[in-house]
Each structure stands twice: as structure tokens, then as C-alpha cells.
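Q: I'd like to go over a predicted model; first the sequence, then the structure.
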Amino acid sequence: MLSNFLRKKRKVFPSKALEKYHAKLVSLRKDQVLFHEGDKASDYFQVEEGSVKMFIASNDGQEFIQGIFTAGESFGEPALVGNFPYPGSVVAIEASKVWKLPGDYFVQMLKDNFDLHLKMDQVLCQRLRYKSMVLSEISSYEPEHRIAALLKYFKTKNLKSGTSEKVIVPYTRQQLADMSGLRVETVIRTVRKMEKEGKLALEGHKIKF
């Protein structure tokens, strides 16, 4: 399971705060859709257990993953704050539990708690950082550069800055392809090449970077 490979991280908002403002815990089956691209943004979501992905489906059926969110992480809040439809669909990668907080209570919680408001601002800034990385590092470079950029982002997101420790990257080859806009065959070939050049290591089917 994807969530098993990630270190336990601090939640965006404590569960007690979410419960206080009438959030409900929603259980999702693997591959169950939580909401669709274009739906009205009406709720704040935060993963309690498991993992979900937000993606856009092209006309030819290909997916582009906008983000993968695991325990403690939130998603969908830019659309809620900005008052525009959800920019992608969200589906459970594995059996998961997700907090669902109605928009009105979400706004009230931020009004009542400056520390939580500041935390939300930091999360939104990280969203902008990721979008900037996607635009500058992935959209117009060769496959190796795109894959390396995603691996570096994952590492800096989950480890303290400056550490040289290698981590297991939980993404499958297909997920890396869907995040980078590459064909899965290209990802497989590029990962093998990077391993031979010592730029990453493989442990079974998992990438260590």
C-alpha cells in the first residue's frame, strides 16, 4: 500500500479540530471516486488513512495525475477557497478514510483559529510550489529530467532539507508516467538507464532515491 511507504507526518488540521467543526469521516473503497472534475467545490478534505489521487482524464482516456495525497494531507482546498470547480477527479488508490468538512464550517474554523489559518496558507503555498515545479521542470524536458524532478520533489517533501538519506519512492511506474506526461514504457526504460548510471537504486520493484 502506498501509505505504508511514507513516514508518518503531522496532519494539516488535528482530527479533534475537524470533529469540532462537524467534519465527517468518509470510508472509500479502492478505486472509489470521491468527486469528479468540474463538480462544485463545497467541502474541505483531509486523508485520515490510505491514499487518494487527483487526476485529469484526456479525451483519449489517458490520465494526468495532479497529486497523490496520503495520511495527514489535504486536497481540494484551492478550489474551495478560490470558489471554482474542482480541477480534477479524486479516486482512492487503496481503501481509505477521508475527513469531509463542509465549506461554511471550514471558513469558520479558519476565522476562529489563526494558527490553523496560517497552516492552511502554508499548504496552499506548497501547492503553488508543486505547480511551478510541474510547469518548469516537467512540461518541456526529456524523460530523465522529468522523472528526476518528481523524485527530488518527493524527497524534499518527505525529508528534512539538507539530508543525504535515500528514501523508497512509493510511486509505481504507471503513476510516474501519469504525473510526468510520459508513456509507462518510457518511464520503465528511463528508470533502468538511471539505475545503470547510479542515479537511483532499485529494491525489488521499488525505486530508492
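A: Received it, and whenever you're ready, just let me know what you need. Numbering: from 1, shown residues only.

Q: got the contact list for the residue nearest to residue 152 when sequence neighbours are not counted?
A: Closest residue to residue 152 apart from its sequence neighbours, by CB to CB, 6 or more residues apart in numbering: residue 209 at 7.8 Å. In this view, the C-beta of every residue, glycine as well, is placed from N, C-alpha and C. By CB atoms under 8 Å, 6 or more residues apart in numbering, the contact list for residue 209 reads 151, 152, 154, 155, 166, 167, 169, 200, 201.

Q: C-terminal to the longest helix seen in the chain, what's the next element?
A: Assignment by DSSP state H gives helix 114-133 as the longest helix of the chain. Next helix or strand after helix 114-133 toward the C-terminus (DSSP states H and E): helix 143-158.

Q: what's that following helix packed up against?
A: helix 114-133, strand 168-169, helix 173-180, helix 184-196 (3 or more CB pairs under 8 Å, 6 or more residues apart in numbering; DSSP states H and E).

Q: So the most centrally placed residue in the chain: helix, strand or coil?
A: For the chain, residue 68 is the residue whose C-alpha lies nearest the centre (CA atoms, centre = their mean; 2.6 Å). Following DSSP: H, G, I helix; E, B strand; the rest coil, residue 68 is assigned to strand.

Q: That one contacts residue 51, doesn't it?
A: Yes. Assessed by CB atoms under 8 Å, residue 68 is found in contact with residue 51 at 6.3 Å.
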